[in-house]
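Enquirer: Dropping the sequence and predicted coords here.
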Amino acid sequence: MLRDGLLEAVRLLLTGDQDTWSITALTLRVSLTATAVALLLGVPLGTALALGRFPGRRVLHAAANTGMGLPPVVVGLFVTVLLWRSGPLGAFGLLYTPTAMVVAQAVIATPIVAALTAAALQQVDPDFLLQMRALGATRTRALWALLAEARLPLIAAGLAGFGAVVSEVGAAQMVGGNIQGETRVLTTAAVLATGRGQFALAIAFGLVLLTIAFAVNLFVTLAQQRERASTSARSSSA
Amino acid sequence: MPRSIPVLVLAVVLLLVGCGSTATPAPSAAGPSAEKSLILATTTSTQDSGLLDELLPAFTRDSGWQVKTLAVGSGQAIELGRRGEADVLLVHSPAAEQAFVAEGTAGQRRLVMHNDFVLVGPANDPAGVRDLDGVGVFGKIAAAQALFVSRGDDSGTNAREKDLWKKAGITPEGSWYQATGQGMGATLRVASEKAGYTLSDRATYLAQRDTLALDVLSEGDPGLLNVYHVIEMTTKAGERVQPDGARAFADWITAPPAQQRIGAFGQAEFGQALFTPDAGKDEAGLGT
């Protein structure tokens, strides 16, 4: 069965099976967009959690940490209820569209990015910001330098967010509806194929999913490590 | 600040990939497909058997309506209709349907097709139910405390199963009675793996027979008839319901060309039709 699945996966990818490619493209599109949104929201939020001085910061920080384990099904349920035709955001007609899936997945990934960003920034020497300010950097510049200093764990935060959303099935199923050609992604397609008793196909979808997740991670990791190698070379020559 | 450049590049790339790709489908979403897109709430059996894959592309070609299918249990499908979240329903839970139509938010309800339920179980038949009638089967399984796997999801199949237990005068409970809460395909799989009995619609069973260690043990009882109706929703259920789409779908699926497709579906692959088209027939005369 596993061998059949592997062969089927190779066949689907090599023969350029239209359905598989469109499902794969949609999976990447939805999950990468959701990750981008999560980075946009999560990095500033995480920065505020790590460095900000405002009431309720610790509670919020704990909430973000809890949010790292947000069950996708629960997020899916809340987003579904909000987007129902009869719900508060029903006028937009977003339920069962890729946009709804992006919203749900961004909700899942944002706390992950925020919590890991906060953890990354708190790792940096607390005097770093003070020193930058003492050297005459503006507040914004100092903050940029801090983010740059912590860029490797920040990239890891993005990858963790992406990994969480590309592999989840609960929210994608609930807010997307697994509609053929529109909101069917690799995870929901695998569930459907299993329900239909098409195991080789289901395994093939699973392998395609692993492959693209690996490709994205490989690309980012290579960029990350090259960067690391070049900075260490620079600092040792200095 | 050269060090931050890779991070910036990464963020920009992610954004471009994200925005670029969300922007691409927008024209099509604003085009003909979004203008005319209806939501069909239906049962897992119509999707798991592959019938919808056969019918819907033809409907879209003929009518211009795109269909978003939500394959859920009949109970949930009716609930989606009641809330105005779906425009049209294709369901098989007659008693629940009649009660629902009586509430007044639904429009016309029309007969589409039928097949039948079959009782399937392991070939060695530990409870000895082979060829018994519908009600007798359930009494025997309960008496033998043989494993029975129920859908447990308020689907049409689940409703019928509960009805049959009731007719047999049994309240099924105990470790031999297990509910999966999943669709027909998944439930058949569980029954097969655990060597238990279950009630399935014939179409889903036939479509998956090759991968299951389950035989048909009881069939043909009038109590096992499985009738599908199409129900149009109206704006009384919710202001965003699209009655014209509902009407287009219901008219199409009960018209001769679609009925012909239904009758032919499965013959090539399984050697027998999975559904019998019934539009316009008298429901009382079905299965005779």
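Expert: Thanks, I have the structure now.
Enquirer: switch to C-alpha atoms for all contacts and neighbour counts from now on
Expert: Fine.
Enquirer: Model confidence for residue 191, exactly?
Expert: Went with chain A since none was named. On pLDDT, residue A:191 comes in at 90.
Enquirer: think we crossed wires, I meant chain B
Expert: Reported pLDDT at residue B:191 in the predicted model: 95.
Enquirer: residue closest to the middle of the chain?
Expert: Looking at chain A here, since you left the chain open. residue A:162 (2.5 Å; CA atoms, centre = their mean).
Enquirer: looking at chain B here, not the other one
Expert: Central residue of chain B (CA atoms, centre = their mean): residue B:43, 1.7 Å from the mean position.
Enquirer: re the thing from before, let's verify the residue nearest to the centre of chain A: helix, strand, or coil?
Expert: Under DSSP: H, G, I helix; E, B strand; the rest coil, the three-state class of residue A:162 is helix.
Enquirer: Excluding chain neighbours, what is closest to it?
Expert: In space, and not counting its chain neighbours, residue A:162 is closest to residue A:35: 5.5 Å by CA to CA, 6 or more residues apart in numbering or on different chains.
Enquirer: my read is the one you found is in a helix, agree?
Expert: Yes. With the criterion set as three-state DSSP, the secondary structure at residue A:35 is a helix.
Enquirer: Next up, the contacts around it.
Expert: By CA atoms under 8 Å, 6 or more residues apart in numbering or on different chains, residue A:35 lies in contact with A:105, A:106, A:109, A:110, A:158, A:161, A:162, A:165.
Enquirer: Which one of those residues is nearest to chain B?
Expert: Closest approach to chain B among the contacts of residue A:35 (CA to the nearest CA): residue A:158, at 9.6 Å.
Enquirer: Do I have it right that the closest one meets residue A:111?
Expert: No. Applying CA atoms under 8 Å as the test, residue A:158 and residue A:111 come out as separate, 11.1 Å apart.
Enquirer: Chain B contacts on chain A?
Expert: By CA under 8 Å from any CA of the partner chain, the residues of chain A that approach chain B are A:29-30, A:32-34, A:36, A:84-86, A:96, A:144-145, A:147-149, A:151, A:155, A:177-179, A:192, A:194-197, A:223, A:227, A:231.
Enquirer: close enough to count as contact, the residue nearest to the centre of chain A and residue A:29?
Expert: No. Counting by CA under 8 Å, residue A:162 stays clear of residue A:29, with 11.4 Å between them.
Enquirer: Could I get the pLDDT score of residue A:237?
Expert: 57.
Enquirer: what's the answer for residue B:18, then?
Expert: Here the pLDDT value assigned to residue B:18 is 46.
Enquirer: Any stretches of the chain with poor pLDDT?
Expert: I'll assume chain A. Scanning chain A for pLDDT under 70 picks out A:234-238.
Enquirer: not quite, I wanted chain B
Expert: In the predicted model, chain B carries pLDDT under 70 at residues B:1-35, B:287-288.
Enquirer: ok, which stretches of it are helices?
Expert: For chain B, the helices defined by DSSP state H occupy B:5-23, B:26-30, B:32-35, B:44-48, B:51-63, B:74-82, B:94-102, B:134-144, B:156-167, B:184-194, B:202-208, B:243-253, B:256-264, B:267-270.
Enquirer: I'd like to know which of these is closest to residue A:133.
Expert: Closest to residue A:133 of those is helix B:5-23 (CA to CA; 21.2 Å).
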